[in-house]
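In: Pasting a predicted model and its sequence here:
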Amino acid sequence: MAADYTVHGVPSLSAKVVGSFAYLTIKDRLPTILTKVIDTIHRNKNKFFEEYGEKGIEAEKQAISLLSKLRNELQTDKPILALTDGREDAESWNQYLQRHQGLHGPDEESVSWFKSPWLYVECYMYRRIQEAIWLNPPINDFDVFNEGKTKSYFESQRAIMALCTHLEGVNKSMKELSDSELQDNFNKLLLVSLWGNKCDLSISAGQENSQKASPLESLDSLQPFILVDDSKSVWLTLSAQRPAQSGKEPAARVDIVLDNAGFELVTDLALADFLVSSGQAQEIHFHGKSIPWFVSDVTAQDFHWTMKQTAAANHRWMSKVGFQWMTYMKKGVWSYHDHPFWTQPHEFCDMAAEAPDLYPTLQKADLVLFKGDLNYRKLVGDRDWDFTAGFHTALRGFGPAPLCSLRTLKANVQVGLQIGQGEKLTSQEPDWMTSGKYAVIQFDSPKSEQ
Ligand SMILES: O=P(O)(O)OC[C@H]1O[C@](O)(CO)[C@@H](O)[C@@H]1O
Ligand SMILES: [Mn+2]
């Protein structure tokens, strides 16, 4: 790696390209997110006082002061600093920083917000937010993004009801479905989960971004916005696991690397429900974040809250479906995992070396689904690839199992397009890569050659 962070001549996206999406994110969107975090902590002052007395107020003040300092460092392009909270992952973050510092010669500029890779500094901001909270007991358990995540769930109630009602109908008729009907139903729920990724709160800097309409009705009209659709390969991978065809024990395991809480999580749970009830999978392993992340990402607390909330709904099918999910968890058919690797800045091709316990876990899966934009950025290394570069090439050796990215485009990185497809979109809609209007279903298998 050179100090311009180039791999095979493909540079990392960075805010040093003035006017780029990375630049605008760091200049405008991240400070807005930090301001909202500060405001949230301040608004909870009374709650902290009620729970912890004066100590709570003192912690609130200290956390706000650290976060204001962070915002100032970002806005004035100060060097990236080592973490000081001594948490489990701090050492690995600090080593990562040292490695980047080592790439800069003594006369070169330091590792900083506007000069270093966008993926690194954006992840670092969320880790520093958590540091400000952790350094301030007794409010060190406070999730600064919790309000937005629960609000987004409640604002999507109607869509959740529609989805649960649909799921109940499918589950009821499951036994009578032909193979092609099964595949149709799988496709529908895969698409709902794909478009569920529109509902993240990071791209809108925390503004309301929920699903209002029934998610199933709009699927046909959204089809033209799917730029790469490898859903057939995903289906084939799943059906190859079925005992009748493979002679294998029915032990197909699907891992879902989650993205956002709120409506998107419900769509992922609905897909997982279908996979189990249709016999396509015997086990689902969900992977979430161990700290609040990129505004709306799922933590263990969000995961369990969402199931409980759905089970407690005053709607027959929502509540039935929610209870079913909790039963899957109790029986171990579903399980939730988090690992510090998901909240570090590494690209996934570094997973085997950086998280030698996580990679073999994913190798046990028959299929791994990666949800969302940030996971896509990490899959392909957040680089300025040609649009026609192969997905397999961009993964740079990452392939624990057959995998599929379900992503709506919210960052200017995209591979695997047809010749001329990206250029045509750029001429028609300059913001096609960041508007969330387009999506991809991109599949790769360790067996693929490209
Ligand atoms: O929730 P998602 O789909 O990963 O989207 C988050 C995306 O939003 C952004 O903050 C938009 O820049 C990206 O950094 C990130 O890729
Ligand atoms: Mn997200």
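Out: Now that the structure is in, tell me what you want to look at. Residues are numbered from 1 along each chain as shown. Ligands and ions are numbered 1, 2, ... in the order given.
In: Could you list which residues are in contact with the residue of the stretch 1-150 of the chain found nearest ligand 1?
Out: Going by CB to the nearest ligand atom, ligand 1 is nearest to residue 25 of the stretch 1-150 of the chain, at 4.8 Å. Any C-beta I mention is one placed from the backbone N, CA and C, and that applies to glycine too. Residue 25 makes contact with 15, 118, 122, according to CB atoms under 8 Å, 6 or more residues apart in numbering.
In: Show only the entries of the residues you listed found in helices.
Out: 118, 122 (DSSP state H).
In: would you turn the contacts of residue 25 into CSV with neighbour count and pLDDT?
Out: CSV is the format used below for the contacts of residue 25 (neighbours: other CB atoms under 10 Å; pLDDT from 0 to 100):
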residue, neighbour count, pLDDT
15, 25, 93
118, 26, 96
122, 25, 98
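In: check the contacts of residue 25 against ligand 2, which are close?
Out: Among these, none lies close to ligand 2 by the criterion of CB under 5 Å from the ion.
In: pretty sure residue 380 contacts residue 390?
Out: No. Under the contact definition of CB atoms under 8 Å, residue 380 does not touch residue 390, with a separation of 10.4 Å.
In: Which residues of this protein lie near ligand 1?
Out: 25, 122, 197, 200, 202-203, 259-260, 294, 372-374, 377, 410-411 (CB under 6 Å from any ligand atom).
In: By pLDDT, rank these and give me the bottom one.
Out: Ranked by pLDDT, the residues of the chain next to ligand 1 bottom out at residue 203, which scores 49.
In: Please name the nearest non-neighbouring residue to residue 399.
Out: Counting by CB to CB, 6 or more residues apart in numbering, residue 399 lies nearest to residue 446, which is 3.9 Å off, once chain neighbours are set aside.
In: Kindly apply the preceding question to residue 81 instead.
Out: residue 73 (7.4 Å).
In: Quick one: neighbours of that neighbour, just the number.
Out: Using other CB atoms under 10 Å, residue 73 has 17 neighbouring residues.
In: among the residues of the chain next to ligand 1, which are in helices?
Out: Per DSSP H, the residues of the chain next to ligand 1 map to helices at 122, 372-374, 377.
In: in the one helix or strand residue 303 maps to, what counts as buried?
Out: Here residue 303, judged by DSSP states H and E, is contained in helix 300-311. Under the neighbour-count criterion of 16 or more other CB atoms under 10 Å, helix 300-311 has 302-303, 305-307, 309-311 buried.
In: Three-state assignment for the residue nearest to residue 399, please.
Out: coil (DSSP: H, G, I helix; E, B strand; the rest coil).
In: Spell out which residues sit in contact with it, please.
Out: Residue 446 neighbours (CB under 8 Å, 6+ apart): 399-402.
In: And these, which is closest to residue 33?
Out: Residue 33 has its nearest neighbour among the contacts of residue 446 in residue 400, at 31.6 Å by CB to CB.
In: On the pLDDT front, check that closest one for me.
Out: 98.
In: returning to what we had before: quick check: pLDDT value at the residue nearest to residue 399.
Out: pLDDT at residue 446 comes out at 87.
In: re earlier: farthest-apart pair in the ones in helices among the residues of the chain next to ligand 1, please.
Out: 122 and 372 (13.9 Å).
In: ok, back up a step: higher neighbour count, residue 380 and residue 390?
Out: Between residue 380 and residue 390, counted using other CB under 10 Å, residue 380 has the larger neighbour count: 26 against 15.
In: Quick check: the more buried one vs residue 387, distance?
Out: Here residue 380 is placed at a distance of 12 Å from residue 387 (CB to CB, to the nearest Å).
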